[in-house]
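J.: Provided below are the primary sequence and the corresponding predicted coordinates.
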Amino acid sequence: MLRAALPLLALPLVGAAEEPPQKSGSPGEPPPGLALFRWQWHEVEAPYLVALWILVASLAKIVFHLSRKVTSLVPESCLLILLGLVLGGIVLAVAKKAEYQLEPGTFFLFLLPPIVLDSGYFMPSRLFFDNLGAILTYAVVGTLWNAFTTGAALWGLQQAGLVAPRVQAGFLDFLLFGSLISAVDPVAVLAVFEEVHVNETLFIIVFGESLLNDAVTVVLYKVCNSFVEMGSANVQATDYLKGVASLFVVSLGGAAVGLVFAFLLALTTRFTKRVRIIEPLLVFLLAYAAYLTAEMASLSAILAVTMCGLGCKKYVEANISHKSRTAVKYTMKTLASCAETVIFMLLGISAVDSSKWAWDSGLVLGTLVFILFFRALGVVLQTWVLNQFRLVPLDKIDQVVMSYGGLRGAVAFALVILLDRTKVPAKDYFVATTIVVVFFTVIVQGLTIKPLVKWLKVKRSEHHKPTLNQELHEHTFDHILAAVEDVVGHHGYHYWRDRWEQFDKKYLSQLLMRRSAYRIRDQIWDVYYRLNIRDAISFVDQGGHVLSSAGLTLPSMPSRNSVAETSVTNLLRESGSGACLDLQVIDTVRSGRDREDAVMHHLLCGGLYKPRRRYKASCSRHYISEDAQERQDKEIFQQNMKRRLESFKSTKHNICFTKSKPRLRKTGRRKKDGVANAEATNGKPPRDLGFQDTAAVILTVESDKEEESDSSETEKEDDEGIIFVARATSEVLQEGKVSGSLEVCPSPRIIPPSPTCAEKELPWKSGHGDLAVYVSSETTKIVPVDMQTGWNQSISSLESLASPPCTQAPTLTRLPPHPLGAEEPQAPLHLPSDPRPSFAFPPSLAKAGRSHSESSADIPQQQELQPLMGHKNRTHLSPGTANSHWCIPFNRGGRL
Amino acid sequence: MGAAHSASAEVRELEGKTGFSSEQIEQLHRRFKQLSGDQPTIRKENFNNVPDLELNPIRSKIVRAFFDNRNLRKGPSGLADEINFEDFLTIMSYFRPIDTTMGEEQVELSRKEKLRFLFHMYDSDSDGRITLEEYRNVVEELLSGNPHIEKESARSIADGAMMEAASVCVGQMEPDQVYEGITFEDFLKIWQGIDIETKMHVRFLNMETIALCH
């Protein structure tokens, strides 16, 4: 590629390249002194050109994707080929010659491996193995069939005199040509099918075939090539046998090389705990080594890399860190897409080379017709046989797509370029024909396959995200099927899969996985964990606007009820996994105004979090310093987490509360609250928050009415919330004091509370109350009116004692005692922003109110309130919260 | 039936009932006799003789499903003590692959039947709902293969799955509504859009009875 790229890119540089000598030579002195400026084009030429090529390709991609319409109609590969044609035309026009072509060496050594690795590594392995029988049949039998029939038919065509006599080729030559033109190309198939989204079975069959047929292609090509070189007269019967044997050697050998390297790779990543930074590199290096090794031994390199990727993924993913996983994923995708882009562009450019064109209409048309026809025929025949065995037969539409999806691509082109002109006199004709075939399949078939799929109503792949239920059920079913096979005594597919899994669990995983990874290694757990992580990531990525929670949220649902409930779901779900940080609860609480506010709130929270330490520039090559950034991120997450826990809890209180009105709550529930509190207090996610003693899931929702009714209030409150947060942050910063009260505070400290009355009475509560410290302004958002009324009711009994007669009284009673030192400087700060009467109430009043509530006889209700109360009791340590907390309820109460 | 089962009329009757071919029935019958030790019925203990089953984490649930009256279409609840060959075939017919000749409704029906089998396995108290307790139970058993996963996490996974199910099945809930458990309708909803055809069949063709009982 490098050499070939030179003429093209040298063009604009010719002028530049000529100038430097003049410049540097301008002094004219024979011994040039110290040159101020030296032009060293030739030293950087090769890498520079490569970089430029990739840059051009990438820029082209960007341009294509500027228009959605174009890319939705035309596959990218077509566009790239066309671009290549245009570029090639320019080169031809400027340089008057086109030496350039896609170099087979570059293609096989550098461009192909990343694509194959990418497809092998990200191959849905379950699906692949489920359909392995069909894939192998199509790959081996289908490719052989295509090669022989196409070759033979072309030879027949020649015998019939339809091919011009210039094309000097015998039967073996045609067979050779047939072998290279018959293979479905993985690059082209992937490029086109990725955009078509047919159902996954169909995709995996076509795609798997294109990957696995490499072995057959390589063998056929090599065998035919050597036969041609030997001359047909010298071919012995043993050579045919050798040819057949080499098929097994090449394919099985390639697969074995791949598996050996997969094993090595998995084993190596087991020990990278201290050098995380090289983990992604190892993946690429060993996979590439597998490719080169197979190539060296003239085995099927594509098969080797595919197997390597397929085999190692499970263990590698378990071993390497989460960041490395992302790095591997992105690098792999980048490399693959880069290679793919370059391949298609170069294909286009190399087609312009007129010297290669030796056109023969008979040959070209014949080839086109034959490959299409025999492909279709082969597919139909094989499918008919396969359907006798398949549990889910492939129907006619599938067969049409499979026949039509047999795209040829760069592999065929590279192989035909590799032919030796002296041995194969018709090489030029073959090259031209191959180019036409590749262009036809990629452009014409690529363009039409999408409408075809639509028109035929091919079952599309349903893009539902994996759900936990699905995973669980599927696992159960796997076990059931394995058990049924055991019972029936039939050692079928499920039996062997089950056996393999047992073996893997017992030996392989233990050997290849880190102990820490192995311990928690389980698919169900994995899904659970992944869903949680994805929730968190998607949330953060999209700046908090998302509601998409792992296939749970139904965005189409207009009601916020479902949203609220989903958020609870998420919270519950995340509660089991230590690493999960799902931020959605807050945002999904309500629609409209409130959500906007929540987003704002988040933004402020995130933005206002000021690192105590400055970010350090990372100086080490061996570590990505995890300290600064990571810890701060973690802290932000933790805060969010707490907040959400809180809001969840308050939601729950809300329910419980409404429930408790008609009847007394069950003790179990109270206990549950206690447990939840306890866990949350420790900053650990509660494990089984939710269903402790009662098996029922309670989902809360507030009625829509209230939102409508107090939308204006909401607005005001929202503002409050934001102001409050901002201030609170600054407080934290100013005082340099870490108080456990605020969501913005970097590391919440837990302040041991003085036992409240409730705690004394209900021993399980003791020690948990401090959780309530984290009750934030969110509470009021989630539990708006119900809560308020509830509070009012619960405290109505005290109203006679509490001095203010208005409805605000109950909330006021919750006014915390003023902190002794800390709040005084803060109080003036607040005053301008909320000049509410609430502030005028002396702390003593609040105290009085509280004491009343403590003496309340209505214990169950008090339980409901207890966490919140507990919170109030303790807020005196954190002035910011105190204010927010009650300004908002107060405001609400007033409106009501 | 058992040993008496040789009359071709009987075989044909079974064919009609279960949809198996006569060779399959014969093969299954051979296996049945092997399992039962030439007795006319199979009891739970007989399943202990299948060595391959031992590794199955949800073994007890599966064996139980064989004796479940609901699966045997004999009653709304309860367990049978022993099953005869016809019952055995009934259970097996749940896993029959879809025929190419089947119409749309039949395919849908067969899918439903398969899901019902799974549902019954979860719903151990036959009350028509998978309650949280039952769900947890299943998940715990599913995960029991891995000794490192604590019960706690199994529970939280079940909890998460339950919440997920609730959110999928019950779009809107009244404030005081309690989600009691997954009903069969909900269960179908969860499976909606998921292609199960490849995941729920056992090939009964060309069976060879290789697994031996000790």
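T.: Cool, the structure landed. Residues are numbered from 1 along each chain as shown, chains lettered A, B, ... in the order given.
J.: lowest-pLDDT helix or strand in chain B?
T.: In chain B, the helix or strand scored least confidently by mean pLDDT, DSSP states H and E is strand B:178-179, which has a mean of 68.
J.: quick check: next helix or strand after that one?
T.: strand B:182-183 (DSSP states H and E).
J.: show me where chain A has strands.
T.: With DSSP state E, the ranges of strands along chain A come out as A:697-698.
J.: burial of residue B:115, as a residue count?
T.: 20 (other C-beta atoms under 10 Å in any protein chain shown). All C-beta spots, glycine's among them, are computed from the backbone N, C-alpha and C.
J.: which ones are touching it?
T.: By C-beta atoms under 8 Å, 6 or more residues apart in numbering or on different chains, residue B:115 lies in contact with B:184, B:187-188, B:191, B:196.
J.: tell me, what's the model's pLDDT at residue 200?
T.: With no chain named, the answer covers chain A. With respect to pLDDT, residue A:200 has a value of 82.
J.: ah, no, chain B please
T.: Reported pLDDT for residue B:200: 67.
J.: gap between the nearest residue to residue A:352 once chain neighbours are set aside and residue A:345?
T.: Nearest non-adjacent residue to residue A:352, counting by C-beta to C-beta, 6 or more residues apart in numbering or on different chains: residue A:88, 3.1 Å away. Separation of residue A:88 from residue A:345 (C-beta to C-beta, to the nearest Å): 9 Å.
J.: more neighbours: these two, which one.
T.: Comparing residue A:88 with residue A:345 by other C-beta under 10 Å, the one with more neighbours is residue A:345, at 28 against 23.
J.: out of the contacts of residue B:115, who has the most neighbours?
T.: That'd be residue B:187 among the contacts of residue B:115, by other C-beta under 10 Å, with 22 neighbours.
J.: does that residue really touch residue B:128, like I thought?
T.: No - using C-beta atoms under 8 Å, residue B:187 is not in contact with residue B:128, being 10.3 Å away.
J.: just the pLDDT for residue A:788.
T.: At residue A:788, pLDDT is 48.
J.: got any ranges where chain B has weak pLDDT?
T.: Applying pLDDT under 70 to chain B flags residues B:1-7, B:98-102, B:146-149, B:170-178, B:193-214.
J.: and the residue of it that's closest to chain A?
T.: residue B:156 (2.6 Å; C-beta to the nearest C-beta).
J.: and the helix or strand hosting that residue, what's buried?
T.: Using DSSP H and E, residue B:156 falls within helix B:151-169. For helix B:151-169, a neighbour-count test (16 or more other C-beta atoms under 10 Å in any protein chain shown) marks B:153-169 as buried.
J.: likewise stretch A:348-355?
T.: So stretch A:348-355, judged by 16+ other C-beta under 10 Å, has buried residues A:348-353.
J.: and what of stretch A:402-415?
T.: So, applying 16+ other C-beta under 10 Å, buried residues of stretch A:402-415: A:402-415.
J.: show me what contacts residue A:437?
T.: Residue A:437 neighbours (C-beta under 8 Å, 6+ apart): A:181, A:364, A:367-368, A:371, A:408, A:412.
J.: tell me the pLDDT at it?
T.: The model's pLDDT for residue A:437 equals 91.
J.: check residue A:160 too.
T.: 87.
J.: same thing with residue A:659?
T.: 37.
J.: check which helix or strand covers the residue nearest the centre of chain B.
T.: Chain B has residue B:117 as the residue nearest its centroid, 4.2 Å off, counting by C-alpha atoms, centre = their mean. Following DSSP H and E, one finds residue B:117 within helix B:104-122.
J.: quick one: that helix to chain centroid distance?
T.: Its chain's C-alpha centre and that of helix B:104-122 lie 10 Å apart, by C-alpha atoms, centre = their mean, to the nearest Å.
J.: any chance you could map the helices in chain B?
T.: For chain B, the helices defined by DSSP state H cover B:8-18, B:22-36, B:59-66, B:85-93, B:104-122, B:132-143, B:151-169, B:184-191.
J.: return the most buried member of those helices.
T.: Mean neighbour count (mean count of other C-beta atoms under 10 Å in any protein chain shown) peaks for helix B:151-169 among the helices of chain B, with a mean of 24.
J.: picking up where we left off before, give me the subset of the buried residues of stretch A:402-415 lying in helices.
T.: Reading helices off those with DSSP H, I get A:402-404, A:410-415.
J.: nearest to chain B among those?
T.: Closest to chain B, out of all of those and judged by C-beta to the nearest C-beta, is residue A:402, at 17.0 Å.
J.: by proximity to chain B, which residue of the stretch 51-200 of chain A wins?
T.: residue A:130 (5.9 Å).
J.: from residue A:111, how far out is that residue?
T.: 31 Å.
J.: could you do residue A:242 as well?
T.: Residue A:242 is 31 Å from residue A:111, by C-beta to C-beta.
J.: of these two, who's got more company?
T.: residue A:111 (24 against 14).
J.: what pLDDT is listed against that one?
T.: Confidence for residue A:111, expressed as pLDDT, is 90.
J.: contacting residues for the nearest residue to it once chain neighbours are set aside?
T.: Closest residue in space to residue A:111, ignoring its immediate chain neighbours: residue A:339 at 4.4 Å, by C-beta to C-beta, 6+ apart. Residue A:339 makes contact with A:110-112, A:114-115 under the criterion C-beta under 8 Å, 6+ apart.
J.: now residue B:43
T.: With C-beta under 8 Å, 6+ apart, residue B:43 has these contacts: B:81-82.
J.: ok, back up a step: closest one to residue A:270 out of the contacts of residue A:339, please.
T.: Relative to residue A:270, the closest of the contacts of residue A:339 is residue A:114; by C-beta to C-beta it sits at 24.6 Å.
J.: rebuild the contacts of residue A:339 as CSV, extending it with distance to residue A:433.
T.: As requested, those are arranged in CSV below (distance: C-beta to C-beta, whole Å):
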residue, distance to residue A:433
A:110, 26
A:111, 22
A:112, 22
A:114, 28
A:115, 24
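J.: make JSON lines out of the contacts of residue B:115 and add distance to residue A:512.
T.: Shown next, in JSON lines, are the contacts of residue B:115 (distance: C-beta to C-beta, whole Å):
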{"residue": "B:184", "distance to residue A:512": "42"}
{"residue": "B:187", "distance to residue A:512": "37"}
{"residue": "B:188", "distance to residue A:512": "40"}
{"residue": "B:191", "distance to residue A:512": "34"}
{"residue": "B:196", "distance to residue A:512": "32"}
